[in-house]
Structure formats: structure tokens, C-alpha cells
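Q: Structure for the following, please:
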Amino acid sequence: MKRLLLAVCFAPVIAMGANEPLNISQTAIDYCDITGKALNDAYDSDKSSNELTSSALSQLKSKQVDLAKLEINEADLQKNLDVAIKAVRDSKGKFKNHDEFTKSLNDSISACRSKLSYY
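A: Here you go, the predicted model:
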């Protein structure tokens, strides 16, 4: 359950295997890290979903992450992040403490990255 609610944002990276092999790893790392940070911020802060999503999009742009390589557009990413942020906040009480959430999030980020290491 805990992994499921964190998987929403990481699903698009699976599609990257069919795209350009060069820079995919860095694209995946940046995408996974930035969306993971947005989910961590959702857990830690009371910032609106829109603020968190805008920040994540800004960071992705500054890292020059090509969302087209992920087969996702900004509208889809915003929708996915909104769902994931809501899920994190709705499920906050299901985690024993912040450390358990962080471990689950870090595991999800690692899984996101490792799925692409084979491509």
C-alpha cells in the first residue's frame, strides 16, 4: 500500500526504455529525485499541491529534463503529482513516523532509478 501511493509519479519512467539510450539514466535520476522531493515536501509541509507541482516543474526545467523522453507532458505530470501528493497526505497516518515514510520514499526512488538501469 505504501509503495503503491508513491508509485504514481514514478510510472512514466518505465516507458523510457524505448527512447534514446543516451542520457536516459540522468533523465531518470533527475525525474525520480525531483518528483520524490515533491512527495517528501508534501509530507513535510502544508504547501499547496499547486506550489509543490510548480516547484517540481521548475526544477525539472532547470535540470533540462525532457519530459517527452518520459512520454509525459506537463499537464499529465501535474495531474500525477496532484494524485500522489493527495495520496501521501491522506496516508500520512499510516506511516509510523517520518523515518518510515522516508525509507519508503527512498526505496521507491531507488526502484524508479533501477528500472531504467537495464535499458
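Q: going forward, measure contacts and count neighbours with C-alpha atoms only.
A: Will do.
Q: so where's the chain uncertain?
A: 1-24, 116-119 (pLDDT under 70).
Q: State which helix of it is the longest.
A: Across the chain, the longest stretch assigned as helix under DSSP state H is helix 24-44.
Q: How far does that helix sit from its chain's centre?
A: Its chain's average C-alpha position is 4 Å from that of helix 24-44, according to CA atoms, centre = their mean, to the nearest Å.
Q: contacting residues for Asn40?
A: Asn40 makes contact with 102, 105, according to CA atoms under 8 Å, 6 or more residues apart in numbering.
Q: Can you get me a residue count around Ala68?
A: 11 (other CA atoms under 10 Å).
Q: So it versus Arg113, what's the distance?
A: Distance, Ala68 to Arg113, using CA to CA, to the nearest Å: 18 Å.
Q: what do you get for Asp107?
A: Asp107 is 10 Å from Arg113, by CA to CA.
Q: Nearest residue to Asn73 in space, ignoring adjacent ones along the chain?
A: Leu67 (6.0 Å; CA to CA, 6 or more residues apart in numbering).
Q: just to revisit the earlier point, can you point out the buried residues in the longest helix of the chain?
A: 24-25, 27-43 (16 or more other CA atoms under 10 Å).
Q: Stretch 87-102 too?
A: Using 16+ other CA under 10 Å as the test for burial, stretch 87-102 gives 87-89, 92, 101-102.
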